[in-house]
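Chemist: here is my input; please provide its structure:
(chains A and B)
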Amino acid sequence: MDKKLVIPGEFLSDDPSLADEGTYVENNKVFSTVFGIASFKNRVRVVPMAGKYIPKPGDMILGVIKEVTYSNWIVDIRSPYDGLLHISEFPRRIENDEMSKYLKLGDSIMTLVRDVDANMKVELTLNDQRLRPIKEGRIIEVTPSKVPRFIGRSGSMIALLKNETKCNIFIGQNGRIWITGKDNGMDLAIKSILKIERESHISGLTDRITNFIKEAKGEKIKVKKPESEGILDELLGDEK
Amino acid sequence: MSKPEKLIENGIRLDGRKPDELRPIKIEVGVLNRADGSCYFEFGGNKVIAAVYGPREVHPRHQQRSNSAVVRYRYNMASFSVEDRKRPGPDRRSIEVSKVSREALEPVIFQEYFPRSAIDIFVEVLQADAGTRTAGINAASIALADAGIPMKSLVSACAVGKIDDTLVLDLNKDEDNYGQADMPIAMTPDGNITLIQMDGHLTKDEFKEALEMAKTGCIAIHEMQKAALTEKYSAQMEGENNE
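Modeler: Now for the predicted structure:
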């Protein structure tokens, strides 16, 4: 197996050149820094089971306006550090006294981390085609370190969720997920996302989520197949 | 309880333990939903709960450090944790315990990863029976790991003492009250000591032996800490692999 649950300080490898995120090197040996899942594919890295979001330039995230100052919006980005959105980073030229007209306290935005300096001053921008204020839909919060599991290998998990629930889903790097679509689709999407959150460390995740969604949909047409367990066994059998 | 005639007889202590035996330990990880990481820790008659918050914004602002996180540790005894009611609130002793416990954990935390932030550790003693600071450190180090905070390793702690001229591991209340020495020690699994205190008297040779005993005790505790953390997830993981 190339995955393992490790605790801080656990020995991982003898080759310091393989050390990646979540590890440190001492006396030419690689140890884990966090409590999480270590993977030994290509490089040695540990994905923590918990932890706060630490902003990096280039991250697409979801923020909530928590203060409007003379020339900046201060944005809660679910991190120890606040995000700053300067008035000049708004896609259109607006006057200082009209800032609240465009983005007011409590509004949600999809935003991009433009720069983070050594003092952890986080500069955000809305100057990108993909970015916009959020007007409809729902936002739920998940563990930031698990974000890659929601996206899946080359986007397979998010594609699955989008297809099955007919919702539009955007996953921010800070662990906020924005869902828009029909009410029952959103309900199902949220249920599936919470299931992924709980079981992200167990292998065969995609198959289980596929089954979960099928089952949930099956219930809605109120035909609970008695052989559904047999199907599950078959799928798990394939996995072996 | 008044002073018993003998604290140790034929190598058996008052509570039936051998000199190098720890009290039973029970650990539960992630017991608090609000905290980022938490741990309930039973160490014989000691019952403590640790909660970790952060990294988060520093309040008051002047405590902020521009190049690293500040670690704050609050050790607090509940008023009902001891036989006579303990007057609530910080006192000389709990401020001291907070300081030494913080310094026992700071060396393993990668504080420089989170400039301008705070990592808050709260340890509440629900029931005390000698060795609450070691129980608190054990619990806090698990809670830190549970919160996903990067560390060099866990920290494990236990006390060694002298009763009736015999060195014993992990004193209980009576042994602490009527014994000759008490020495709490915290260390990383590779043997780096992060806390050592002593009250009472030990000879140089006794001190050396006591240190070795504490090391064995801490390694045993470290194994239990590791087991408690992995237990939270591994049961499911293995079940999946065996299918």
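Chemist: who's residue 168 bridged to?
Modeler: No chain specified, so I'll use chain A. Residue A:168 forms beta bridges with residue A:180, as assigned by DSSP bridges.
Chemist: that's the wrong chain, I meant chain B
Modeler: Here residue B:168 shows beta-bridge partners residue B:161, assigned using DSSP bridges.
Chemist: who in chain B is up against chain A?
Modeler: Counting by Cβ under 8 Å from any Cβ of the partner chain, chain B comes close to chain A at B:36-37, B:54-57, B:66, B:108, B:110, B:113-118, B:145-154, B:188-190, B:225-226, B:229-230, B:233-234, B:236-237, B:240-241, B:243. All C-beta spots, glycine's among them, are computed from the backbone N, C-alpha and C.
Chemist: give me the buried entries from those.
Modeler: In terms of neighbour count (16 or more other Cβ atoms under 10 Å in any protein chain shown), the buried residues within the residues of chain B next to chain A are B:36-37, B:54-56, B:108, B:110, B:114-118, B:145-154, B:188-189, B:225-226, B:229-230, B:233, B:237, B:240.
Chemist: now do the same for residue B:54: its pLDDT.
Modeler: Predicted confidence (pLDDT) for residue B:54: 86.
Chemist: and what of residue B:78?
Modeler: pLDDT recorded at residue B:78 is 97.
Chemist: just the ones of the buried ones among the residues of chain B next to chain A in strands?
Modeler: Using DSSP state E, the members of these that fall in strands are B:37, B:54, B:55, B:56, B:118.
Chemist: dump the residue contacts of the most centrally placed residue in chain A.
Modeler: Closest residue to the average C-alpha location of chain A: residue A:147 at 2.9 Å, with Cα atoms, centre = their mean. Residue A:147 makes contact with A:171, A:172, A:173, A:175, according to Cβ atoms under 8 Å, 6 or more residues apart in numbering or on different chains.
Chemist: same thing but 6 Å
Modeler: The contact partners of residue A:147, taken as Cβ atoms under 6 Å, 6 or more residues apart in numbering or on different chains, are A:173, A:175.
Chemist: show the subsequent helix or strand relative to the one helix or strand it maps to.
Modeler: Here residue A:147, judged by DSSP states H and E, is contained in helix A:147-151. Sequence order places helix A:156-165 as the next helix or strand after helix A:147-151, per DSSP H and E.
Chemist: name the surrounding residues that touch that following helix.
Modeler: Applying Cβ under 6 Å, 6+ apart, the contact partners of helix A:156-165 are A:150, A:151, A:169, A:185, A:188, A:189, A:192, A:213.
Chemist: mind redoing it with 8 Å?
Modeler: With contact meaning Cβ under 8 Å, 6+ apart, helix A:156-165 is reached by A:149-152, A:167-169, A:171, A:181, A:185-186, A:188-189, A:192-193, A:196, A:205-206, A:209-210, A:213, A:217.
Chemist: with stretch A:33-46 instead?
Modeler: Stretch A:33-46 is contacted from outside by A:2-8, A:10, A:12-13, A:15, A:18-24, A:30, A:32, A:47-51, A:145, A:201, B:110, B:145-146, B:148-152, B:229, using Cβ under 8 Å, 6+ apart.
Chemist: next one: stretch B:29-38
Modeler: The set of residues external to stretch B:29-38 that reach it, using Cβ under 8 Å, 6+ apart, is A:50, A:52, B:39-40, B:49-54, B:142-149, B:228-229, B:231-232.
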